[in-house]
Structure formats: structure tokens, C-alpha cells
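Engineer: Mind folding the following:
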Amino acid sequence: MKSTTRAQLSVMMFLQFFIWGAWFVTLGTFLGTNLQANGLEIANVFSTQSWGAIIAPFIIGLIADRFFNAERILAVLHLAGAVLMYMMFNAENVAVFYPYVFIYMVLYMPTLALVNSVSFRQMKNPEKEFSFIRVFGTLGWIIAGLIISLLDWDNSNAETGALKNTFMMAAIASAALGLFSFTLPKTPPVKNAEGNKSFTQIIGLDALSLLKDKNFLTFFIASVLICIPLAFYYQNANPFLTAVGLENPTAKMAIGQGSELLFLLLIPFLFKRFGFKNTILIGMLAWAVRYLLFAYGNAGELSFMLIIGIALHGICYDFFFVSGQIYTDAKAGEKYKSSAQGLITLATYGVGMLIGFWVAGFVTEHYKTASPADSFWQNVWLVPAGIAAVVCFLFSVIFRNDKKTATNA
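Structural biologist: Below is the predicted model of the structure:
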């Protein structure tokens, strides 16, 4: 790959995830503080991510893969996203905010696949080259969080309404990426059988036959269920850290992305040494431990518990989701390789997190009135801790390593 192309793809990936990290991390805090949204209204807004994930395959599979260059679609979607971000910046209540964020998520989620498509098409050896491009995406997310805390938009003593500035920052970055995308290497539709996938292949339904395998079915159900605790983190972590008075909460949450990079490097070693089952069990257990740390930690002498809980993000996310992608690839074989990954993505980021956001919203709203103020957050975090522990236990009992898993481990 040419150095200029590598630089272009790195900038693209940086901006792609800078945009997401610029507003999504603090969204829960913004909705509750600036728009006075209740728990269920916040859940409704967060669920737009899941609807976007469900609709994204249709946009990419039925439109992008067939008719238009990927970089041009990427440009148009981000330019439209910049306008929607500006509208969210000006929204004065949840009723006005919701339609904009819904449309935005429907447009943004397909771009996650588009940036990968543009990248892979320029690579001769994606297995070795892609990680060095993708790392700039995580760096972009981290930088966005650092800027928010550096400008003091996220602290409880910050100027009233300051968090709305995150949407303006995201709008500027989105406009920049939209314009920059027109300069990216041309990535036309693939004119072969892979570019003419059937409707069932596009949304992964032809991989449903894999669910006849008891182990894969167990993993599939566990993947959906573990997304409920994951949704609690996305929806409540920043409001929680802000409410308890942790200094620069958004910057500290970037520790989670840093740990994600570290533990990502350990997955091949652990997968080969301990196998899929044990690796994924560590990931599930980490979710329970993380929420227990949140439940009993504080911003004072026990602030280290909150920091450790944030730092566990690498284990929570990588050990389950990345290991799961490796396992799915091994079980699916060549026939269902891409469809199986699509099915798992649809089940987790789509259905699983959709359920999770609503459960998190209901639990949060319930404990606002059903528990004393000083134990509110403790009660909220004990729920996902319990769910993660139950899923971990059931998976350990029901799932059995087989030859194919062991061979690929």
C-alpha cells in the first residue's frame, strides 16, 4: 500500500470514530441534564443505535454493494450527518431531538461497514495491514473524550448546557470527513457473485441453519443476553461517573478504549492457550466484576474501583465479542462465513442491545422512585452484574468444547 493511501485511510478511520466518541459517550448525561429526559426517554434515544444496526445491512447490501462507489456514499452520509448533528445541537427537548438522532443513526451505522470496505479494497494483506489502520479509529474515540474533559463540558460544575457543544464538535468533524471522503481511493461496486448476494444472505438469514448446532445456539443466545449488561454501560456509565463527582469522567472513560487495544493483542495467545470457552467466560465474568466495582466504588477513597471498572472494558468487550467473531468464523466455514458474522452482528448490536437499552431505561426509572437517593446507582449496577453472572454460569454449564472449537483454538 502506498504511504499516501495509508495516510488517507488512517485519517478516515480517525475521524469516523472521533465523530462517534464526540457525542455518544456523554449522550446519557446530556439527555438527563440538558433535556431533562427520564430513564425511558433516554432508553428510547439510545435504542436508535440498535435500529440503525438493524437497518444498516439493507442500505449497504441492497444499495452500496450494487450501485455506487463506497467512498461516495460515505461522503454523502457524513455530510447529511453533519446537518443532523447541527439540528441536535439546537434541539430544546427530547421530542424534537429524537427524530434527528434516529435518522442520524440509520445513516451513521452503515458507515462503519463502508470505512472497512474502503480500507480492505486497498490492501494486499488485510490480516497484517488492517489493524494498523483501525487503531487510528480507537485513537480518534480517545481524543474526542479527552477534548470534552479538557474543555470541562462534562463535569458537574461545568457551565449549564455545555454538553450540547459535543454535537457541534461532531457536526464539524462529520462535515470534514464527508468532504475528505471524496478524495479517498475509488471503491466501486464489486462486479461478481459476492456483489449480488441474495436478500437472505445480506441480512444473514441463510446462516440460521447453524443454530441446529447446540453449542452455536448456546453462544448465539448468550451473545444476545450479554448485550443487556453492555447497554447499561453505554447508557449509564457517563451519567453515573458525572453524578458521583469523578473528575473529568469522559477522559477517564477513554481508559476503556486504551485497555481495548492492549487486550486485543492478548486474544490470540489466550484463545490458543485456554480455548474459546474459557476465554469468553473470562469476558462474561469481567462484566459482572465491573458492575460490582461500580456499585460499591465512589469518587473518593474508593475511586480506584471506578477506574478499574472502566479499565476492564478491554476484557469485557474483546474477550467476548472478538473471541465470538473468531468462533463464529470457525463454526461457519466457507459457505456461511460472511452470513454468520452478519447474523451475529444483527443479533447483538441490533436485537440484543435494543432489548438492553430498554431494560436499562426501565431499571433506571424504577430505582429513581423505589430506592433512597444514596443507594440509587448501587441498585442500578447490581442488576447488570446479576444478569452477567447468570449468563456466565449458564454458558459454563451448557456449552461444551468440540473438536472444531479445539482445533481452531
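Engineer: How many residues are close by Ala251?
Structural biologist: Using other C-beta atoms under 10 Å, Ala251 has 16 neighbouring residues. Heads up, the C-betas are built off the backbone N, CA and C, glycines and all.
Engineer: Within the helices and strands, which one has it?
Structural biologist: Using DSSP states H and E, Ala251 maps to helix 249-296.
Engineer: now swap in Glu92 and tell me
Structural biologist: Short version, using DSSP H and E: Glu92 is in no helix or strand.
Engineer: confidence score at it?
Structural biologist: We have a pLDDT of 91 for Glu92.
Engineer: again, but for Met305
Structural biologist: pLDDT at Met305 comes out at 95.
Engineer: Tell me how many other residues crowd it.
Structural biologist: 17.
Engineer: so it is in which element?
Structural biologist: Going by DSSP H and E, Met305 is part of helix 303-311.
Engineer: And that helix, what does it pack against?
Structural biologist: Contacts defined by 3 or more C-beta pairs under 8 Å, 6 or more residues apart in numbering; DSSP states H and E place helix 303-311 against helix 249-296.
Engineer: Centre of the chain to the helix holding Ala251, how far?
Structural biologist: 14 Å (C-alpha atoms, centre = their mean, to the nearest Å).
Engineer: Quick check: which helices or strands does that helix pack against?
Structural biologist: helix 126-150, helix 214-243, helix 303-311, helix 313-317, helix 323-345, helix 376-398, helix 403-408.
Engineer: Highest mean neighbour count out of those?
Structural biologist: helix 313-317 (a mean of 24; mean count of other C-beta atoms under 10 Å).
Engineer: what residue ranges in the stretch 301-409 of the chain are flagged as low confidence?
Structural biologist: By pLDDT under 70, the low-scoring segments of the stretch 301-409 of the chain are 333-339, 341, 371, 402-409.
Engineer: mind redoing it with 50?
Structural biologist: Regions of the stretch 301-409 of the chain meeting the criterion pLDDT under 50 cover residues 406-409.
Engineer: residues in contact with Arg279?
Structural biologist: Quick fix: residue 279 reads Thr, not Arg. The contact partners of Thr279, by C-beta atoms under 8 Å, 6 or more residues apart in numbering, come to 267, 270-271, 319, 323.
Engineer: ok, and what's touching stretch 6-22?
Structural biologist: With C-beta under 8 Å, 6+ apart, stretch 6-22 has contacts from 78, 81, 108, 111-112, 115, 118-119, 122, 132-134, 136-145, 147-148, 166, 169-170, 173-174, 176-177, 180-181, 183-185, 257.
Engineer: Centre-most residue in this protein?
Structural biologist: In the chain, the centroid-proximal residue (C-alpha atoms, centre = their mean) is Tyr349; its distance is 7.5 Å.
Engineer: circling back to that earlier point, would you turn the helices and strands packed on helix 249-296 into TSV with distance to Phe30?
Structural biologist: Listed next are these as TSV, based on distance: least, C-beta to C-beta, whole Å:
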stretch	distance to Phe30
helix 126-150	11
helix 214-243	9
helix 303-311	19
helix 313-317	21
helix 323-345	27
helix 376-398	18
helix 403-408	43
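Engineer: Quick check: which of those helices is nearest to Trp358?
Structural biologist: helix 214-243 (8.3 Å; C-beta to C-beta).
Engineer: What is the closest one packed up against?
Structural biologist: By 3+ C-beta pairs under 8 Å, 6+ apart, helix 214-243 packs against helix 27-33, helix 39-59, helix 249-296, helix 313-317, helix 323-345, helix 353-370, helix 376-398.
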